[in-house]
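[1] Following is a predicted model, sequence given first.
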Amino acid sequence: MTVRNRAGHTGTLRTFGPGYLRATSLRAMEYDFKAIEAKWRAKWTEQETYRAEEVVDRPKYYVLDMFPYPSGAGLHVGHPLGYIASDVIARHKRQCGFNVLHPQGYDSFGLPAEQYAIQTGQHPAITTEQNIARYRSQLDLLGFSYDWSREVRTSSPDYYRWTQWIFARLFEHGYDHAAGKARPIAALVDVLAAKGNKELDWAVGDDTLKEAGTVLWGDDFDGAFSADQWNVLDEAGRSSILMAYRLAYLADSEVNWCPALGTVLANDEVVGGLSERGGHPVVRKKMRQWMMRITAYADRLLDGLDTIDWSDSIKEVQRNWIGKSTGAQLRFAIQDHPDHHIEVFSTRPDTLHGANFLVLAPEHELVDAITTDSQRATVSAYQQETAARSERERMAGDRGVTGCFIGAHAVHPLTGDAMPIWIADYVLAGYGTGAVMAVPAGDQRDWEFAKAFDLPIPPIFEGHDIDSGAESDKQSVLCNSGDWNGLTCNAALPRAIAETEAAGFAKPRVNFRLRDAVFSRQRYWGEPFPICYVDGIPQLIEDEQVLLPDVDAYLPTETGDPPLARAEQWNVSRGDRMEYNTMPGWAGSSWYFLRYMDPHNEDAFCDRVKSDYWGQVDLYVGGAEHGTGHLLYSRFWTKFLFDLDLIGFDEPFAKMINQGMILGRSSFVYRIEGTNRFVTFEQRKDHRTQRLHVDISLVKNDVLNLEGFKAWRPEFADAEFVLNDAGEYRCGNEVEKMSKSKFNVENPDDLVERYGADTLRCYEMFLGPLEQAKPWDTQGINGVHGFLRKLTRLYRDADGNALITDGLPSAEAERALHKTIKKVTEDLDRLSWNTVVSALMIGVNELTELGCHDRAVLQPLSAIVAPYAPHLAEELWEACGGNGSVVDAPWPKWDADKLVESEVTYPVQFNGKVRFQFAVAADAAPADVEAAVLADERTGKQLQGRTPKKVIVVPGRIINIVG
RNA sequence: GCCCGGAUGGCGGAAUUGGUAGACGCGCUCGACUCAAACUCGAGUUCCAUUGGAGUGUGGGUUCGAGUCCCACUCCGGGUACCA
């Protein structure tokens, strides 16, 4: 029986007005989503349904979204995608009996609110508060199961107090490689007092140490000092030395300075020479800044990747960013300069025999000392040229080979041959030693350099044509390489490392691309450092919290100090002055997932008992764009807190899913250049036209609402529109990023208003695999809305009367239910959000066709719909007389017996082509199936007298007859 | 350049271990209802040809059987870059 209960209503409810409004009013009786969603939202709030408590004897599950920066623009349909996905999992796990932690909060320090403050004078806290309120109201519409009592805001003093506290611990710790973990600076002081630093294996900033040591002990300080030397130092001296060992430290370093933003930026905040936010130019500048010694954790950050379930691509991004390479550091003597030598890092010391010149970075410290007088003018011209050019060139991607011979020669350590020394901008000062040994036969960049400057290319590989380019294959066999002749590079490499070390001019070395991270910003709206200066020495302030002070303007002072220097009362509260910098955006986000576990704790950032209970985030959902920023820093801080035994795990996010971007479909109108005439899409190529974005709310099925367009853009009110044959103005379209500036934004509030939150949730999940980028198409939402309506009609008729009966369900209805439970359960377990919606649709279609209204079927059905359509599921669960909230309805189990069919219909293939369907008892043995199918007359017809060579019966699947 | 993805109807996508390719939804077509339209409901919808054939980016291979595995290539998306 097919349920058809709409007849009789179409005539009586006829009204006039916009299409969708009528449709909505007509539907209202059977599926009044507005009333349903309002009702259950209120109940959830009243009953604190989503409050999470630590329950020791229940297994926990921690599902987390990357918390948002609350921007003024609000949410578009792309933003909630990941939130919906995580909410589905949170609800499913809860129904499966897990004690679920599913919190949300705000990354509420940041530049936009401060830029707005600079323009308007409004305190960033007010802007932030307003934006959060708007976010919250939008999020509340979507029915998320967040425990809002655990909300965190990074800009709240109750929160950043602990960010400051963790900073203080980083300041008070260094990294002991021998122990493989962070240890207190106090422990280091004991060692220095007893033995000096000669046997020390702590992570150290060589430049900082050398600078400090040179000031204290003179120019010949080589990095090592004795206990006696240490013990006579005053506080300032010790402080300057210890700075080289702290995990949070002050250093003069080359930083990325962005003049437009008035602040320094970390490496991951600079993309292609421009600031990530705003796209402003960034220059290198030497400044005294707070830094984070993340490099101390490089190996552990690398190794930890093998223990976490993240996508390969994002792990790869982190591996590349860390950039570990192993090889050797080789020392080259310089002719006529016995007091100098050049250190070179190479991953390929096996190709040493092919090295015939050295190349230094133009900024290399030895360049000035060893350049010959005759080359001096040329060299300094080249240095200036590269310094001026570097940023722009990098952006342009134009990579001509440039360089300059400096007149000096190094000595080849094996052959004694003279090697000319060049400088070139393809060698970077910041990587390795800032110098390379050029092996033109083995490295393409060296090869191109040699070709460009007509330098010889000594062949070192058997059978390799030197004119065809460099040979990088490590299977190649070496020649002209002394003892290593005849070996493959793979075989020669370990020998080269060992033998050059034994010969005394090289040592094995591991090199990282990862740099320490700049940790201070010359901005107002960030965490103030708990630091003041006494006689220029930074001191922690720990007896009271350092709060962000009010200032009269959010701009640097006239002397160029950061905005905090304007806070006159504040800046003399301790010592000579306070630290005027603030922390970067990633400070608060590096540990927020811990605070959710114990958000109101006033004595600790998070109680150890609570973090032991909730543990790692089991599922982390967010964008992939944080690969080198947030995701690396939070791993670093987690490892640090683990080292201090403050938490019991050293990776924050056990599993992560990165949702893809939702793209918008933009619409365009075509204006004939320089006129006020618009031509329809079909005629755009007959003229020289300019394409203009048009707001998609003014376009339906690519046809423009002309009146609406004129009202939207008054400057075109008098424009002429050339229409197509159908008398319509047709717009062009393109799929691109969803953005306000492209006028292609779909707003979740509007869709909730028209279709309800449950429909929007289901539809966003239905679009396709979560991780994939996909275009938004609002038209498709009707289908999903229809599904929820159809679901409702199983439970009640068009007038709202209950249809549920207590009879015994048919075997077909039970099979449909259990098939759906199985598919939905399995798909949720493998995080296949989109196919779950399809499975539910199929189930509802089948039950509708069967005319099933049995409570025994419909009640479990409402339970499995709950993660996707929680409001409606509550309503239907209640209609079935279910106990309590569907949120806690036990997840139904499928019964394999109910899935069994008595008969199986096999597709029968002949030589791989399906010819007919063949029904046979499900429990028939393969041999019997074979006999039966061969006896069938249709088989005889297909074979036409031939004898089958082979018959393959795959039980339950297929029969293939070959012959 | 390198790294990671991906390519399936008009569109979004499904096919989980090699077993009926195109589930589910959109769109479209036809029909019912309607004075009419919308809504709703029903039927159809990979392509080509009248029993049949072709078909998952291209070319080859393995197999009784390939979207799925192997080899070579093309194109698209994302990330990243003189990293020695």
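    Perfect, thanks for sending it. Residues are numbered from 1 along each chain as shown, chains lettered A, B, ... in the order given.

[2] give the contact list for the closest residue to A:G463 other than its chain neighbours.
    With sequence-adjacent residues excluded and distances taken as C-beta to C-beta, 6 or more residues apart in numbering, A:G463 is closest to A:V477, at 7.7 Å. C-beta coordinates here come from the backbone N, C-alpha and C atoms, glycine included. Counting by C-beta atoms under 8 Å, 6 or more residues apart in numbering, A:V477 makes contact with A:F461, A:E462, A:G463, A:G486, A:L487, A:T488.

[3] again, only this time at 7 Å
    Counting by C-beta atoms under 7 Å, 6 or more residues apart in numbering, A:V477 touches A:F461, A:E462, A:G486, A:T488.

[4] Near RNA strand B, list only the ones from these.
    When those are checked against RNA strand B using C-beta under 7 Å from any atom of the strand, none falls in range.

[5] Separate out the buried members of the residues you listed.
    Buried by 16 or more other C-beta atoms under 10 Å: A:F461, A:T488, out of the contacts of A:V477.

[6] ok, so of the contacts of A:V477, who is nearest RNA strand B?
    Ranked by distance to RNA strand B (C-beta to the nearest atom of the strand), the contacts of A:V477 are led by A:F461 at 16.0 Å.

[7] Next one: that closest one from A:A441, what distance?
    Between A:F461 and A:A441 the computed distance is 6 Å (C-beta to C-beta, to the nearest Å).

[8] list residues touching both of those two?
    With C-beta under 7 Å, 6+ apart, A:F461 and A:A441 have common neighbours A:E471.

[9] in what helix or strand does the closest residue in space to A:Q545 that isn't next to it in sequence lie?
    Closest residue to A:Q545 apart from its sequence neighbours, by C-beta to C-beta, 6+ apart: A:R161 at 5.0 Å. Assessed by DSSP states H and E, A:R161 sits inside helix A:157-171.

[10] any idea of the mean pLDDT for that helix?
    Helix A:157-171 shows a mean pLDDT of 98.

[11] next one: stretch A:108-128
    92.

[12] And it, end to end?
    7 Å (C-alpha to C-alpha, to the nearest Å).

[13] Report the closest residue of the stretch 251-400 of chain A relative to RNA strand B.
    Counting by C-beta to the nearest atom of the strand, the stretch 251-400 of chain A gets nearest to RNA strand B through A:S313 (3.0 Å).

[14] quick one on the thing from earlier: closest one to A:A418 out of the contacts of A:V477, please.
    A:F461 (23.4 Å; C-beta to C-beta).

[15] I figured the closest one was touching A:D473, is that so?
    No - at 8.4 Å, A:F461 does not count as touching A:D473 under the criterion of C-beta atoms under 7 Å.

[16] where does the stretch 851-963 of chain A have low pLDDT?
    By pLDDT under 70, the stretch 851-963 of chain A contains no weakly predicted segment.

[17] Give me the domain ranges for chain A.
    Domain assignment for chain A by automatic domain parsing gives A:1-61+A:753-886, A:167-319+A:516-520+A:535-541, A:325-467+A:474-511, A:662-737, A:901-962.

[18] quick one: secondary structure of the closest residue to RNA strand B within the stretch 701-850 of chain A?
    Per C-beta to the nearest atom of the strand, A:G783 is where the stretch 701-850 of chain A lies closest to RNA strand B, at 2.1 Å. Assigned by DSSP: H, G, I helix; E, B strand; the rest coil, the conformation of A:G783 is helix.

[19] all helices for the stretch 351-500 of chain A, in order.
    Using DSSP state H, counting those that start in this stretch, the helices assigned to the stretch 351-500 of chain A run over residues A:367-370, A:373-396, A:444-452, A:489-502.

[20] For the last one, buried residues please.
    Spelled out, that is helix A:489-502. Per 16+ other C-beta under 10 Å, helix A:489-502 contains these buried residues: A:C489, A:A491, A:A492, A:L493, A:A496, A:I497, A:E499, A:T500, A:E501.
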